[in-house]
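Got a predicted structure plus its sequence, pasted below:
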Amino acid sequence: MIQLCGSIFPVFKECQRIEEVDAHTWNAIAGDQLLLRTPYLSSLEKGCTRYNRFRYVQWFNDNNEPIGIAYLQEIWFKGGHQKQQDELHFFARHIKDRMLGPEGVKVLLCGNAYVAGNNGFKFVDGIDFELQCEWIASWLREKIKTEDSTFTLAGIKDLWEDQHAAMPAIQQAHFHGFKIDPVMKMDIDPRWKSIADYTSTLQAKYRTKYNAARKKGADLVKKSLSVDEIKQYLPAITSLFNQVLDRSRYHLGTFEPMAFLTQKSALGEEFDFSIWLHEEQPVAFATSIFNGTTLEANHVGLDYQKSNAMALYSTLLYHYVDLAITHQMAHINFGRTADEIKSTVGAKPVHAYLFTRHKNSFSNQLIKPILSAIHPAKAQLHNPYLQEYRRSNGMP
């Protein structure tokens, strides 16, 4: 253990390039959590080169044995930018002029801005999760205070609601936690062997919705792309991606479509890039990562001029369900936004917390009441399953 500015945490090694870490020991701790393994992290580093910087921390015990890993992203936040409305969008509305200034701020985030969920750190078994959170929060606090003032804010993303016992450990480092919009997740029944098995459990109006989407999209051609094919379609992919990004409420960090190439190259069959063509022109795409037993429904692109007529968004959602069933996954992580329509296919909200603090103690106190006033957006949610199916499976 070491002491830094009054905080005590394990010995650590910090790197700014994934190639600098010991991949063997890093991946041994990451285990089957693909979003923390070096191939995936390397693909982000190679693909998101224009706006993004990353940091990697390895933790060691007193015997110099590796005990933990942490993944961090450097994010430049300019509160006045209308396209960058994300979990930190409250700064733009409430305190930009008084605290952030016209040039914006640099944020050090423990976690992955591009995937919903707690993908920022992992330790070996036997270390209490509360202690892990205490170490991470203390390290972040000292980091933003000591690194030549380049970081103004630190953040920890996402802590699930059922992990609330660890929140006091983070708050001891004077982080402020607030509930953000839920992540929409769906459980996949292991008895489903096909999309037809899934639709047989739906109420009539939701089966009708599924059939209507298929009818509207009857002229669409779906292809699963290779690396070379992604490269071929990249200009169209970028255009479709930007259409979604421009309408997105969440835009924490800047994902670059070039990363689709590097992800497919690095992950192979663990990454799926599907595209939909109409009259040989791309009109939609969806990316998926097979992360252990969870299908990560990461990024989509849409031609909004054709979306309603062809039921493009619904088509993408049913594609994810079909893909998860085909690959015998246990869960789908649909991410945030579009809660209502995602609930119509069977997704449910899972609440999470974001923690943040300002490097300046006085400013940190000023933002506390602002954060406490933030509440998740409310959406009308659906339960599409038949009553008999819900009852036999212990569902509400």
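That came through fine.

so which helix or strand takes in A352?
Element membership of A352 [criterion: DSSP states H and E] is strand 348-358.

immediately after that strand, which helix or strand?
Past strand 348-358, heading to the C-terminal end, the next element that is a helix or strand (DSSP H and E) is helix 361-372.

Which elements pack onto that following helix?
Applying 3 or more CB pairs under 8 Å, 6 or more residues apart in numbering; DSSP states H and E, one finds that helix 361-372 makes contact with helix 89-94, strand 176-187, strand 348-358. From N, CA and C alone the C-beta is placed, and that goes for glycine too.

And those: which comes nearest Y313?
The closest of the helices and strands packed on helix 361-372 to Y313 is strand 176-187. By CB to CB, the value is 13.4 Å.

ok so, going back, A196: which of the helices and strands packed on helix 361-372 is closest?
Nearest to A196 among the helices and strands packed on helix 361-372 is strand 176-187; the distance by CB to CB comes to 17.3 Å.

Below-threshold pLDDT in this protein: ranges please.
For the chain, applying pLDDT under 70 flags the ranges 1-9, 77-104, 147-149, 249-253.

buried ones in the strand holding A352?
348-350, 352-358 (16 or more other CB atoms under 10 Å).

Taking those together, which two end up most distant?
K348 and H358 (34.0 Å).

can you tell me which residue is nearest the centre of this protein?
Closest to where the C-alpha atoms of the chain average out (CA atoms, centre = their mean) is V115, at 1.5 Å.

you'd agree that one is up against G335?
Yes. At 7.4 Å, V115 counts as touching G335 under the criterion of CB atoms under 8 Å.

if I look at the closest residue to L312 other than its chain neighbours, how far off is Y304?
Excluding the flanking residues, the one nearest L312 by CB to CB, 6 or more residues apart in numbering is A284, at 4.6 Å. Separation of A284 from Y304 (CB to CB, to the nearest Å) stands at 10 Å.

Looking at the two, which is more packed in?
Between A284 and Y304, counted using other CB atoms under 10 Å, the more crowded position is A284 (26 against 14).

Next up, the contacts around the more buried one.
Residues in contact with A284 (CB atoms under 8 Å, 6 or more residues apart in numbering) are 220, 240, 275-276, 300-303, 307, 312, 315-316.

what do you get for T356?
Each residue near T356 by CB under 8 Å, 6+ apart is listed here: 88, 153-156, 175-176, 367, 371.

again, only this time at 7 Å
153-155, 175-176 (CB atoms under 7 Å, 6 or more residues apart in numbering).

in the protein, which spans are helices?
In chain order, the chain shows helices spanning 23-30, 38-47, 89-94, 129-146, 167-171, 195-199, 204-216, 227-247, 258-267, 304-310, 312-326, 339-343, 361-372, 387-392, with DSSP state H as the criterion.

Just want the angle from the first one to helix 38-47.
Counting by axes from the mean of the first three to the mean of the last three CA atoms, to 10 degrees, helix 23-30 points 110 degrees away from the direction of helix 38-47.

same question, the fourth one
What separates the directions of helix 129-146 and helix 38-47 is an angle of 30 degrees, with the same axes, to 10 degrees.

could you say what helices and strands helix 129-146 packs with?
Other elements packing on helix 129-146 under the criterion 3 or more CB pairs under 7 Å, 6 or more residues apart in numbering; DSSP states H and E are strand 7-9, strand 105-110, strand 121-123, strand 153-160, helix 167-171.

how about the ones you listed in JSON lines, adding mean neighbour count and distance to I188?
Formatted as JSON lines, the helices and strands packed on helix 129-146 follow (neighbours: other CB atoms under 10 Å; distance: least, CB to CB, whole Å):
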{"stretch": "strand 7-9", "mean neighbour count": "16", "distance to I188": "38"}
{"stretch": "strand 105-110", "mean neighbour count": "22", "distance to I188": "29"}
{"stretch": "strand 121-123", "mean neighbour count": "20", "distance to I188": "24"}
{"stretch": "strand 153-160", "mean neighbour count": "23", "distance to I188": "19"}
{"stretch": "helix 167-171", "mean neighbour count": "18", "distance to I188": "30"}
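
Nearest to A266, out of the ones you listed?
strand 121-123 (19.5 Å).

Adjacent strands (with direction) for the closest one?
Each strand that pairs with strand 121-123, with its direction, by DSSP bridges: strand 66-77 (antiparallel).

what comes into contact with the strand it pairs with?
10, 25-26, 29-30, 36, 41, 52-61, 88, 104-110, 112-113, 120-124, 127, 132, 136, 252-253.

Kindly recompute the last result at 6 Å.
Strand 66-77 is contacted from outside by 25-26, 29, 53-55, 57-61, 88, 104-110, 113, 120-124, 253, using CB atoms under 6 Å, 6 or more residues apart in numbering.

what does stretch 309-319 give?
Residues from elsewhere that reach stretch 309-319, judged by CB under 6 Å, 6+ apart: 213, 216-217, 284, 286, 300, 302, 345.

same question, stretch 273-282
Stretch 273-282 is contacted by residues 220-225, 230, 233, 236, 260, 264, 283-287 when judged by CB under 6 Å, 6+ apart.
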